[in-house]
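Undergrad: give me the fold of what follows.
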Amino acid sequence: MNDKSLPRARVLMLTGVILSAIGILVLISPVAVGGAVVKLVAWVLMVTGVVQLIQAVRSGATPSSIVGGILGLIVVGLGVMIWRSPEGTSNFLTAMLMLFFLVNGLWKVSTALRYRRVRGWLWLLGSGVLALLFVYLIWRQWPLAGLWAIGVYVGVDLLLTGLSLITLARARKRVVSSSYVDTIHF
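TA: Next up, the predicted model:
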């Protein structure tokens, strides 16, 4: 991997700082954040369903628009159900969180292995391994893990991802600076 394919240090640093700050805020009140995530999912479903309904009405009385309208009603209904009962939905969202951490952890591990020559790559590797550990911990507490798990694990993951990006940014900056100095001397 050449230096041109790596993100600029400034981008890594800014992203790392933002993710770390969000992670700290999430950890301050994990249950509230878990509940907010559930409410956000409900809101997105309701808006999506309404858009489907509007499209179905505008399309006229064709078989596909009738099916689209029925699906829109189902999606709106699902959003309303989630909004009214976030605790009942938290098990499903916790399962989705496990899937997210599995994919995210595998991605971080593979990305860290590609950054091996950059100092600080172990932080990203550790963050990926920790995400995979979260999958295991949530699985072991199933179905008791709910809104608190969503908030705590997302907060810790954001914080550690941010810190690993900050570390990579600092290392990237040193690598680019030393490479630049080396080219001047030749």
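Undergrad: give me the element the residue nearest to the spatial centre of the chain is part of.
TA: Computing the C-alpha centroid of the chain and ranking residues by CA atoms, centre = their mean puts Phe100 first, at 7.1 Å. Using DSSP states H and E, Phe100 sits within helix 86-114.
Undergrad: how far off centre is that helix?
TA: 8 Å (CA atoms, centre = their mean, to the nearest Å).
Undergrad: what's the angle from the helix or strand following that helix to helix 86-114?
TA: With elements assigned by DSSP H and E, the helix or strand that comes after helix 86-114 is helix 121-140. Orientation check (axes from the mean of the first three to the mean of the last three CA atoms, to 10 degrees): helix 121-140 against helix 86-114 gives 150 degrees.
Undergrad: show me how far helix 121-140 is from its chain's centre.
TA: How far helix 121-140 lies from its chain's middle: 14 Å, per CA atoms, centre = their mean.
Undergrad: who touches it?
TA: 94, 97-98, 101-102, 104-113, 115, 145, 149, 153, 156-157, 160-161, 163-165, 167-168, 171 (CB atoms under 8 Å, 6 or more residues apart in numbering). Bear in mind the C-beta positions are built from the backbone N, C-alpha and C, glycine included.
Undergrad: in the helix holding Phe100, which residues are buried?
TA: Neighbour counts over helix 86-114 (16 or more other CB atoms under 10 Å) mark 86, 89-90, 93-94, 97-98, 100-101, 104-105, 108-109, 111-112 as buried.
Undergrad: near Gly151, how many other residues are there?
TA: Neighbour count of Gly151, defined by other CB atoms under 10 Å: 22.
Undergrad: equivalent analysis for Arg116, please.
TA: 11.
Undergrad: next one: phi and psi at it?
TA: phi -50, psi -30 (degrees, to the nearest 10).
Undergrad: what number of residues lie near Ala32?
TA: Neighbour tally, Ala32, other CB under 10 Å: 13.
Undergrad: that one and Val38, how far apart?
TA: Distance, Ala32 to Val38, using CB to CB, to the nearest Å: 11 Å.
Undergrad: next one: Asn104
TA: Taking CB to CB, one finds Asn104 at 19 Å from Val38.
Undergrad: in the chain, where is pLDDT below threshold?
TA: 1-7, 87-88, 90, 143-147, 175-186 (pLDDT under 70).
Undergrad: repeat that with 80
TA: Within the chain, the segments meeting pLDDT under 80 span 1-8, 30-38, 41, 59-61, 63-65, 85-97, 118-120, 141-154, 172-186.
Undergrad: re earlier: name the helices or strands packed onto the helix holding Phe100?
TA: helix 30-59, helix 121-140, helix 147-185 (3 or more CB pairs under 8 Å, 6 or more residues apart in numbering; DSSP states H and E).
Undergrad: now render these as a markdown table, adding distance to Leu73.
TA: Shown next, in a markdown table, are the helices and strands packed on helix 86-114 (distance: least, CB to CB, whole Å):
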| stretch | distance to Leu73 |
| --- | --- |
| helix 30-59 | 7 |
| helix 121-140 | 33 |
| helix 147-185 | 28 |
